[in-house]
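A.B. asks: can you look at this prediction? I've put the sequence above it.
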Amino acid sequence: MNVETQSQVLAASAAFAAPARPPRSLMTEGGFRFITWGAATLLLASLAGIFLLLIGQSYPALAKFGLGFFAADVWNPVTGKFGAVAPIFGTLVTAAIAMLVGVPLAFGAVFFIAELCPFSLRGPLTVAIELLAAVPSIIYGMWGLFVLAPFLAKHVQPALIDSLGSLPWLGVLFQGPPFGIGMLTAGLILGVMILPYIAAVGRQVIAGVPPMLREAAYGVGATRWEVFRRVLMPYASRGLLGGVMLGLGRALGETMAVTFVIGNAHHISASLFAPGTTISASIANEFTEAVDDIYQSSLLTLGLILFLITFAVLAAARFMLAQAARQVQL
Amino acid sequence: MTPDRPLYLRRRASEFVMVGLAWASTLIGVAVLALILAELLRRGLMALHPSIFYRTTPAPGASGGLLNAIVGSLAMTFIAILGATPVGVLAGTWLAEYGRESKYAQVVRFLNDTLLSAPSIIIGLFVYGIAVRPFGHFSGWAGALALALIALPVIVRTTEDMLSLIPESLREAGVAVGAPRWRMIVSIAYRAAASGVVTGVLLAVARISGETAPLLFTALNNQFLTSGMNTPMASLPVAIFQFAMSPYADWQELAWAGALLVSVTVLALNVGARLLARRSTQ
């Protein structure tokens, strides 16, 4: 039997036998691989697209104002003069307040969850902190505007003005009318918002510390705080720092919560009680009103600055977290 | 050796203070969550009225509901998830099954993580540039695209994580019986990771349900029930923002009702996703 007839017989018998192979599909290995690769590349392309678009659209403003854009404290849509100093200042100040508030709170919560709390509380507390992260930022904003700001204006700010406002150097920070809305309120809200992010990362990296280290420290008579501060924190330092940077990235870029309580004033003031603005709040408040090109381009330049700052911070955070992950595996 | 009494006291004192501070900071965190939820329930339930669900957003001085905002949010979220899920799952598949530790995969993974926590207002600016300006008008499509871009990294991340949890032997078994790799992934890996991927999609829905910033200048807002995705579209978060910042008491009430709806949805999705994840890992 030659090859040709053999294959004919096989083909004929195949018609009677149950199909030995599944029906031919249109998909091939290479095709599937290419599709998944394409999806991954789309991700990369969208990030590159964001960057390129921001650069392209901020060009008119940068061409007109030059580097002076970063040094001018002016924001006047009527005369078409724009400078980024006030929003950048506001972004940095609110983020700094947020870090001052959020980082100690988060570390305290991590200390509590890791070393102090009864085992049965650990699960519910972890969930509570994760829910704190899940609350939409607009809800934080509303709460800040309707609850926190009036409370601060009535009870906290007058007391601060009376007690700290007369200090020789620091006093400037605590002067002016107690509006309730302003840099301080925005910073406090941001501090609460970044708490869960820092705490969630912190809890994970602390949990990754080898139990031997902890036991050895307790074995030589260290107190719980000493175990946390001298053993756990140094071992997990990279991961903790990564978490803090992640929180910083959030604080710098957070939009809605800040927009509610910052007061949107393009104006630099030494007082923490004064209304101000941040990059993200300016964009959120003004972008739809920015009808002429140079106004819109100025706002897009602010967007580019924000993108570059948060990208750098988040990249540093990821780098440190990756290092921490490698350390835990070893 | 004589015991060092002052040192002992100092250590006791710092332990006492620090433990107290840890208690306090945990309490503050939990208290803020409780205060926010309490305020939402108090003001939200007071404002929640059946007409919220069948009347559209009012003009100043008139009364109304949130129907158009609810419909807009549902439509844009649905379309965003419909678009982001396949792309996200496929990209996550590439990272977990093909790219793995290659240089390119590491770059993509890193950029995905960055995109995950990037400010959402930047996404809004981007979508304005590619989907609003060229067409000359705001639209529901643009809003959905912005939301999809925010959901995408969440889905990529969870898909990759869930696929990497699958034991290698399962993959080898699939390939050993002669299945091509793609067939193994579709028939074995996806099935093993299914509930994890669903968790990721739920978390993505939760994430975008509360997003406001990217919608402000993509979908904008609309006072009426829209006739299609090609027109400006209302959404719950934007309506909440508009009404909460207004000086009218009845508008602020509507904002609280909307805030309650959004928060309940987001928190329920989060808890649901968590329960699903726990059941699938057991």
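C.D. replies: Thanks, I have the structure now.
A.B. asks: going by C-alpha atoms from here, please, whenever you check contacts or count neighbours.
C.D. replies: Fine.
A.B. asks: what is the neighbour count of the residue nearest to residue A:311 when sequence neighbours are not counted?
C.D. replies: Among residues not flanking residue A:311 along the chain, residue B:114 sits closest, at 6.9 Å (CA to CA, 6 or more residues apart in numbering or on different chains). Neighbourhood size, residue B:114 [other CA atoms under 10 Å in any protein chain shown]: 23.
A.B. asks: so which bits of whatever helix or strand residue B:114 lives in are buried?
C.D. replies: Per DSSP states H and E: residue B:114 is located in helix B:103-116. Under the neighbour-count criterion of 16 or more other CA atoms under 10 Å in any protein chain shown, helix B:103-116 has B:105, B:108-116 buried.
A.B. asks: between these, which is closest to residue B:169?
C.D. replies: Proximity of the buried residues of helix B:103-116 to residue B:169 (CA to CA) peaks at residue B:105, which lies at 22.5 Å.
A.B. asks: now that closest one: closest residue in space that isn't a chain neighbour?
C.D. replies: residue B:99 (5.0 Å).
A.B. asks: what's the burial count for the one you found?
C.D. replies: For residue B:99, using other CA under 10 Å, the count is 21.
A.B. asks: any idea of the pLDDT on it?
C.D. replies: On the pLDDT scale, residue B:99 is placed at 91.
A.B. asks: is it true that it touches residue B:107?
C.D. replies: No - taking CA atoms under 8 Å as the definition, residue B:99 is not a contact partner of residue B:107, at 10.3 Å.
A.B. asks: tell me, how many residues neighbour the residue of the stretch 51-200 of chain B found nearest chain A?
C.D. replies: Chain A sits closest to residue B:91 of the stretch 51-200 of chain B, with a gap of 4.2 Å, by CA to the nearest CA. Residues lying near residue B:91 (other CA under 10 Å) number 31.
A.B. asks: what's the spacing between residue A:209 and residue A:320?
C.D. replies: 16 Å (CA to CA, to the nearest Å).
A.B. asks: cool, and residue A:105?
C.D. replies: Per CA to CA, residue A:105 is found 21 Å from residue A:320.
A.B. asks: helix or strand: which one has residue B:83?
C.D. replies: helix B:67-93.
A.B. asks: could you give me the buried positions within that helix?
C.D. replies: B:67-73, B:75-81, B:83-93.
A.B. asks: give me the mean pLDDT for that helix.
C.D. replies: Here the average pLDDT along helix B:67-93 is 95.
A.B. asks: more crowded one of residue A:209 and residue A:320?
C.D. replies: When neighbours are counted by other CA under 10 Å, residue A:209 and residue A:320 differ, and residue A:320 comes out ahead with 20 against 17.
A.B. asks: is it true that that one touches residue A:237?
C.D. replies: No - at 9.3 Å, residue A:320 does not count as touching residue A:237 under the criterion of CA under 8 Å.
A.B. asks: retrieve the pLDDT associated with the closest residue to residue A:223 other than its chain neighbours.
C.D. replies: Computed as CA to CA, 6+ apart, the closest residue to residue A:223 that is not its neighbour in sequence is residue B:15, at 6.6 Å. Per-residue pLDDT puts residue B:15 at 94.
A.B. asks: get me the contact residues on the stretch 151-282 of chain B for chain A.
C.D. replies: B:180-182, B:206-207, B:210-213, B:216-217, B:237, B:241, B:244-245, B:259, B:263, B:266-267, B:270 (CA under 8 Å from any CA of the partner chain).
A.B. asks: show me the contacts for residue B:67.
C.D. replies: By CA atoms under 8 Å, 6 or more residues apart in numbering or on different chains, the residues touching residue B:67 are B:52-57, B:225.
A.B. asks: helices - which of those residues land there?
C.D. replies: B:52-54 (DSSP state H).
A.B. asks: want to throw those into a markdown table with neighbour count?
C.D. replies: Below are those laid out as a markdown table (neighbours: other CA atoms under 10 Å in any protein chain shown):
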| residue | neighbour count |
| --- | --- |
| B:52 | 20 |
| B:53 | 16 |
| B:54 | 14 |
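A.B. asks: measure the nearest residue to residue B:131 once chain neighbours are set aside to residue A:56 for me?
C.D. replies: The spatially closest residue to residue B:131, leaving aside those adjacent along the chain, is residue B:142, at 5.6 Å (CA to CA, 6+ apart). Computed as CA to CA, the residue B:142 to residue A:56 distance reads 20 Å.
A.B. asks: got it, and residue A:198?
C.D. replies: On the measure of CA to CA, residue A:198 and residue A:56 end up 35 Å apart.
A.B. asks: any regions of chain B where pLDDT drops low?
C.D. replies: B:1-3, B:280-282 (pLDDT under 70).
A.B. asks: could you pull up the residues touching the residue lying closest to residue B:87 once chain neighbours are set aside?
C.D. replies: Leaving out its chain neighbours, the residue that sits closest to residue B:87 by CA to CA, 6+ apart is residue A:39, at 5.4 Å. Neighbouring residues of residue A:39 by CA under 8 Å, 6+ apart: B:87-88, B:90-91.
A.B. asks: now do residue A:159, the pLDDT please.
C.D. replies: pLDDT for residue A:159: 86.
A.B. asks: the helices in the stretch 101-250 of chain A, which residues?
C.D. replies: A:119-134, A:137-143, A:149-151, A:157-164, A:183-207, A:211-219, A:224-226, A:233-235, A:237-253 (DSSP state H, counting those that start in this stretch).
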